[in-house]
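**Student:** Give me the fold of what follows.
(chains A and B)
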Amino acid sequence: MKGGIAAGRQETAAPLAIELRGISKAFGTVQANKDISIQVAKGTIHGIIGENGAGKSTLMSILYGFYKADSGDILINGTPTTIPDSQAAIRAGIGMVFQHFKLVQNFSVLENVILGAEDGALLRPSLAKARKVLADLAREYELEVHPDAVIEELSVGHQQRVEILKALYRHADILILDEPTGVLTPAEADHLFRILRNLKEQGKTVVLITHKLREIMEITDTVSVMRRGEMTATVRTAETSPEQLAELMVGRKVLLHVPKGTAKPGRRVLEIKDLRVRDVDGVERLKGIDLSIRAGEILGIAGVAGNGQTELLQVLGGITQGTGTVILNDKSLDLTGKSSDGQSRRRDGISHVPEDRQHLGMIMDFTAWENVAFGYHNDPAYQKNRWLMDNGAILEDTKGKMERFDVRPPIPTLQAKSFSGGNQQKIILAREIERNPDLLLVGQPTRGVDIGAIEFIHKRIVALRDSGKAVLLVSVELDEIMSLSDRIAVMFDGHLMGIGPAESATQVGLGCLMAGLGGADTRAMSGWDISAAADEQRLSTGTRG
Amino acid sequence: MARIPRWADLVLVPLISLLLAGIISALVILAIGQSPKEALTTMVTGAVGSSYAWGYTLYYATSFMFTGLAVTVAFHGSLFNIGGEGQAQLGGLGVALVCLAVPWPHWTLALPMAMIAGALFGAAWAAIPAYLQARRGSHIVITTIMFNYIGAALIVYLLVNVLRPPGQMDPATARFPSGAALPTLHDLPLLGLIFDKKIPANVTLFVALIACWLVWLLLWRTRLGYEIRAFGRSEPAARYAGISPFRVTMLAMLISGALAGLMSINNVMGESGRLLQNSSEGAGFIGIAVALMGRNHPIGVFLAAILFGILYQGGAEIGLWTSIPIELRTVVQGLVILFTGALDHMVRMMLGVFFRPRRIEVA
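**Tutor:** Numbers count the residues shown, from 1 in each chain, chains lettered A, B, ... in the order given. The predicted structure is shown next:
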């Protein structure tokens, strides 16, 4: 099945770096890959796009020797190759950069690069050789990393470069990257793309696995779309559009931007004054935040991850303690005492969809119905009597929630970890939104969520706003902030850099604020209140203006 | 990782683990120049071969049920309570104090009071490590181990200096009044027809069975159990849900200590009729193995406690009737713990190969 679109043919002249013929792989009854054929020409960047669970990672794991295909052939540079393990893949010239890096945290860059590729029993000659090779690679591909830096002291972007260097040091001609930008800031992602283009110019082949349409459009030459274990189409990137790719991924038309009416802000629901939070090491993470949210309004907090957004959500959600004033519905919230916990917050009318779904929002080993009661296990509706919980009632409630939020599969007794990221998120959203809170805190609502579910989740958040509730949205996806929010605030280093209406916000202006800078681009956004700190920082650093 | 069907996980894995432990035990017995066949026969007849044998096996199993449950409750809160031994001995002190306090007219009056005292003393002994963990972050494994030694020393001191009746040589309390003696299974109507001799297994067995059921209710049917399990799986998530780590840690450990303390109505009140040194005889530690093997589920704990009862009683018989030293009992138990507790993952992986769907080689 080719999804109605003729698979883009490679020019016959271009030699193929990778050719897969009829690859199938099943895990138990789940067919992860169904008769997949793919051709990747040498010296190109080939994107593989698909929803979570579409089989992208399985396919690449087969190519890298982690799994053995049930049937099908692998041809590398035109020669049939068996890849029983990753060593064989490396010998065949394949390098892989995983989503979660495989680096020894307390080793230096050099030590990590030679690990497993040492030339002999003695390290010194290997290290000396690697140092030279690394210097060459750095020049050639803009892959600068200090060879003696210890991994745990490097930024995520630099750690990723070490992974790429590891592959290149092992003479990889084909580089596979699995969701490489998920952990990167926009600037780091730009740099990564420059590296990938350099690699391509030097004749390397790059396979990029992602679910972000914008990346595909920006950097790939050809793109293959996977859906439910099948390859639905392979097209030339220049000849397609994000909308078409989204439709191929999901199998139906997808709205990339949720249509929403104008906000009708009502009374002030939340008012925050001089809110400060210190972490366990005593470092101030939130350095005096002032903001307010009205009923029927979505306030989006933009910012690079780690600039205080997490702390803001957690102090409002009753997970951490802080100082300052938080007034919800004219009632001052306890920030340090007995009623600063999550149970009190829920009673006060705050629901919280946490950023870290798997570590905070759910218990992965619990069933779906147990997770529906999570945080609300004291709800009288869930009790049979003074002593016992009414598991049957929770189960019934879960069935209804699963139906209303289109959770698949709709099996309440399944463990949370058995659901895809999108469906886990729907379970949490159902739990939090159906409490009909006055204030909904939402962190990274669509992180690791497939595109079909993103649309659904966005619609639900907008629907809650339209019913007159206040929403505080935190996301590192600027697109998401810009399309969902009515007002946007930008956080940098624990401060608010600026706050203003979403209509007049520009990507460039927000980008400057996210870097802690003011300047002309930010002042061009009408109706925006730019922090003085932002402009000061700009003057002191003297970056472009 | 290969997954295996649930029935294989629950039935096949423990059975194969046991079999492996048995094979190695047989090799050990061969190595010391004895007959494994004789050992096995002695062990089986001595532990399950007669109602008399069962009377001992069930007595041990009763103790192991309590300590196994104690470990289970704490474990669901991801608290590894190694202190069952000390908590059981302190529980014994509580039981002894209650039994000696008044001339009890009938055991039905003495038993509830002794249970309360045993549970309270056991819980109190668990409360200190629990508080240190919850407030100070002192690791509960370390503190509970230390409290075993402190508990044992405290009991010896009290027996020698305070509780020993004048003129008595051995460090023990006076005998409990006859009204505080628990009926054995032989003394009970109907059961007396089966258990026709004087045996140590007593009514505490039924208390243990009720405790199994109550622990199941607690863990899977109450809010507290829900909070304990949620906290045990993920402390950050528990905080998010507004579950107080301090409260859960304290309550889980108090219940755990109370269960360990309750064990002493079986041995102190039911069997010896006075408090002796080292009254728990290692049951606190065996409880860890029982909980491990029973997969921290009350039904599993019940079955594992019976198995360890068999091993304990059968091992004693080996020491009694054969020339194999009684220490072999420890070896066999150790092997069972090793295979069922520590190495069952290995068995699961081996089974995984059999249950894995067939694969076709890539040409």
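
**Student:** Count the residues that sit near residue 132.
**Tutor:** All of this refers to chain A. Using other C-beta atoms under 10 Å in any protein chain shown, A:Lys132 has 10 neighbouring residues. For the C-beta atoms, the positions are set from N, CA and C on the backbone; glycine is no exception.

**Student:** wrong chain, I was asking about chain B
**Tutor:** B:Leu132: 17 neighbours (other C-beta under 10 Å).

**Student:** just A:Ile481 next, same as before
**Tutor:** A:Ile481: 24 neighbours (other C-beta under 10 Å).

**Student:** Can you pull the poorly scored residue ranges out of chain A?
**Tutor:** For chain A, residues meeting the criterion pLDDT under 70 lie at A:1-13, A:52-53, A:254-256, A:535-545.

**Student:** In it, what residue comes closest to chain B?
**Tutor:** Relative to chain B, the nearest point of chain A is A:Gly342 (2.8 Å; C-beta to the nearest C-beta).

**Student:** pretty sure that residue contacts A:Leu316?
**Tutor:** No. The pair A:Gly342 / A:Leu316 is not scored as a contact, 10.6 Å apart, by C-beta atoms under 8 Å.

**Student:** For the helix or strand hosting B:Ala110, name the packing helices and strands.
**Tutor:** According to DSSP states H and E, B:Ala110 maps onto helix B:107-131. Contact here means 3 or more C-beta pairs under 8 Å, 6 or more residues apart in numbering or on different chains; DSSP states H and E; on that basis helix B:107-131 packs against helix B:84-101, helix B:140-158, helix B:245-262.

**Student:** Would you mind listing the residues in contact with A:Glu215?
**Tutor:** Taking C-beta atoms under 8 Å, 6 or more residues apart in numbering or on different chains as the contact definition, A:Glu215 lies against A:47, A:181, A:189, A:193, A:208.

**Student:** Please repeat the previous calculation with a cut-off of 10 Å.
**Tutor:** A:47, A:49, A:179-181, A:189, A:192-193, A:208 (C-beta atoms under 10 Å, 6 or more residues apart in numbering or on different chains).

**Student:** B:Asp9: neighbour count?
**Tutor:** For B:Asp9, using other C-beta under 10 Å, the count is 16.

**Student:** what sits against it?
**Tutor:** Per C-beta under 10 Å, 6+ apart, neighbours of B:Asp9: B:3, B:295, B:344, B:347-348, B:351.

**Student:** Kindly reformat the residues you listed as CSV containing pLDDT and neighbour count.
**Tutor:** Compiled in CSV, the contacts of B:Asp9 are given as follows (pLDDT from 0 to 100; neighbours: other C-beta atoms under 10 Å in any protein chain shown):
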residue, pLDDT, neighbour count
B:Arg3, 63, 13
B:Arg295, 87, 18
B:Asp344, 75, 20
B:Val347, 83, 22
B:Arg348, 81, 20
B:Leu351, 81, 18
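
**Student:** returning to that earlier point: wouldn't the residue of chain A closest to chain B be in contact with B:Ile243 here?
**Tutor:** Yes. Between A:Gly342 and B:Ile243 there is a contact at 7.7 Å, judged by C-beta atoms under 10 Å.

**Student:** tell me, what's touching those two both at once?
**Tutor:** A:Gly375.

**Student:** Tally up the residues packed near the residue of chain A closest to chain B, please.
**Tutor:** When neighbours are counted by other C-beta under 10 Å, A:Gly342 registers 22.

**Student:** So for it, what's the nearest residue that isn't a sequence neighbour?
**Tutor:** The shortest distance from A:Gly342 to any non-neighbouring residue, by C-beta to C-beta, 6 or more residues apart in numbering or on different chains, is to B:Gly242 (2.8 Å).

**Student:** for B:Ile145, same thing?
**Tutor:** Nearest non-adjacent residue to B:Ile145, counting by C-beta to C-beta, 6+ apart: B:Ile82, 5.1 Å away.

**Student:** one step back: let me know the helix or strand that the residue nearest to A:Gly342 is in.
**Tutor:** Following DSSP H and E, one finds B:Gly242 outside all helices and strands.

**Student:** Confirm for me that it is in contact with A:Leu360.
**Tutor:** No. At 11.8 Å, B:Gly242 does not count as touching A:Leu360 under the criterion of C-beta under 10 Å.

**Student:** can you list residues touching both of the two?
**Tutor:** Common neighbours of B:Gly242 and A:Leu360 (C-beta under 10 Å, 6+ apart) are A:317, A:319, A:342, A:352.
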